[in-house]
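J.: sequence-free structure coming up:
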Ligand SMILES: [Zn+2]
């Protein structure tokens with residue numbers, strides 16, 4: 001389960017971000033884990049709840065969004081929803097569909113007091 005190392009990474013990034021504001025408490029963090037990012041949202045939430053103890057995130061709630069992946073067909077130029085890395089364009093049948101979003105994992109924003 002690589003979600004634990006991802007969770008530790010997120011804690012590190014937030015800790016680093018807050019270094020200039022040592023008195024702050026993080027209330028909530030919004031994370032986007034695209035459907036094709038290879039990250040399981042529920043597993044990540046569980047991992048975050050485990051690793052947040054004793055960190056600036058100890059009292060934080062996590063909101064994890066899992067937006068669907070999308071791509072653009074290089075043949076007909078239309079947008080295609082992607083359930084997998086490799087899909088056939090439903091409009092023209094081309095295999096040349098380029099993934100444009102949905103494979104990223106990022107911290108969208110956080111609420112700090
Ligand atoms: Zn197409």
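T.: Sure, I can see it. In this text the structure is predicted, and so the values were computed from the model without any measurement.

J.: CA only for contacts and neighbour counts going forward, please
T.: Will do.

J.: Which residues of this structure lie near the ion?
T.: Applying Cα under 5 Å from the ion, we find that the chain lies next to the ion at 73, 76, 89, 92.

J.: of these, buried ones?
T.: Applying 16 or more other Cα atoms under 10 Å to these, the neighbour count classes 73, 89 as buried.

J.: Tell me the predicted confidence for the most centrally placed residue in the chain.
T.: Per Cα atoms, centre = their mean, the C-alpha nearest to the average position across the chain is that of residue 33, at 2.3 Å. pLDDT recorded at residue 33 is 95.

J.: That one - nearest residue in space that isn't next to it in sequence?
T.: In space, and not counting its chain neighbours, residue 33 is closest to residue 105: 4.5 Å by Cα to Cα, 6 or more residues apart in numbering.

J.: Kindly report the same for residue 26.
T.: residue 112 (4.4 Å).
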